[in-house]
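Peer 1: Next input, structure requested:
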Amino acid sequence: MTSFERSFEAVLRLPFHWHLCGLALLLCMIVLDRKSKRGGFFAIALWNLIGVSLHELTHLLVGTVLFAKPSGFSLIPHRQEDGIRLGSVSFRGLNAFNSLPIGLAPLGLIVVAFYLFQSWSKYFTPTLFSTMGIYLVSFVLVYNALPSRQDLKIAFGWKSILLYGTVAIAAYKYI
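Peer 2: Residues are numbered from 1 along each chain as shown. This is a model prediction of the structure:
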């Protein structure tokens, strides 16, 4: 049995009602998220601060690793014509090679959430509150892993589609 299977079994061995409490917490978080959107600029900014920070840091980290020359980083929310921009990262060296991974970088938060969920019991004593904690952390990570419209525009520019499409077709034909 692999360590992954053992750690996943540890999660499944927790009392069922703990998972129900975690799911109830998730529903509360979804309701609070919807209510924060009606609460005005300050409520939206405060509610999303941690998640936006993680989201933008993934762009910054991947952009730095792929030599995109980060030129700006902001977590200060400001109003725009079409809504509120909660954070941003700008780059001077975006190209066909690095645009796709940079634009889709926040999806890596799903991998982090999965790892934490399956190994939570290694780091925390299994209790109701620690179980609810992993549900809360998982919600924040997965909710903020979704790329924004701007992220998708950067990731799927025609140059990136041409480059990665060609690589995918070549890999499919020769593998």
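Peer 1: State the pLDDT value of the residue nearest to residue 88 when sequence neighbours are not counted.
Peer 2: Among residues not flanking residue 88 along the chain, residue 74 sits closest, at 5.2 Å (C-beta to C-beta, 6 or more residues apart in numbering). Yep, even glycine has a C-beta here, placed from its N, CA and C like the rest. In this prediction, residue 74 carries a pLDDT score of 93.
Peer 1: Burial check on residue 17, number of neighbours?
Peer 2: By other C-beta atoms under 10 Å, the residues close to residue 17 number 10.
Peer 1: The most centrally placed residue in the chain: which element?
Peer 2: In the chain, the residue lying closest to the centroid (C-alpha atoms, centre = their mean) is residue 145, at 2.1 Å. Element membership for residue 145, per DSSP states H and E: none, as it lies in no helix or strand.
Peer 1: In this structure it contacts residue 107, no?
Peer 2: Yes: counting by C-beta atoms under 8 Å, residue 145 does reach residue 107; the two are 5.5 Å apart.
Peer 1: hang on, the earlier thing: for the residue nearest to residue 88, give me its contacts.
Peer 2: 87-89 (C-beta atoms under 8 Å, 6 or more residues apart in numbering).
Peer 1: Which secondary structure element of this structure has the lowest mean pLDDT?
Peer 2: Ranked by mean pLDDT, DSSP states H and E, the helix or strand of the chain with the weakest confidence is helix 3-12, at a mean of 72.
Peer 1: mind listing the helices in this structure by residue range?
Peer 2: Along the chain, counting by DSSP state H, helices occupy 3-12, 16-38, 41-65, 99-103, 108-123, 128-143, 149-155, 158-174.
Peer 1: Please identify the deepest-packed of these.
Peer 2: helix 99-103 (a mean of 23; mean count of other C-beta atoms under 10 Å).
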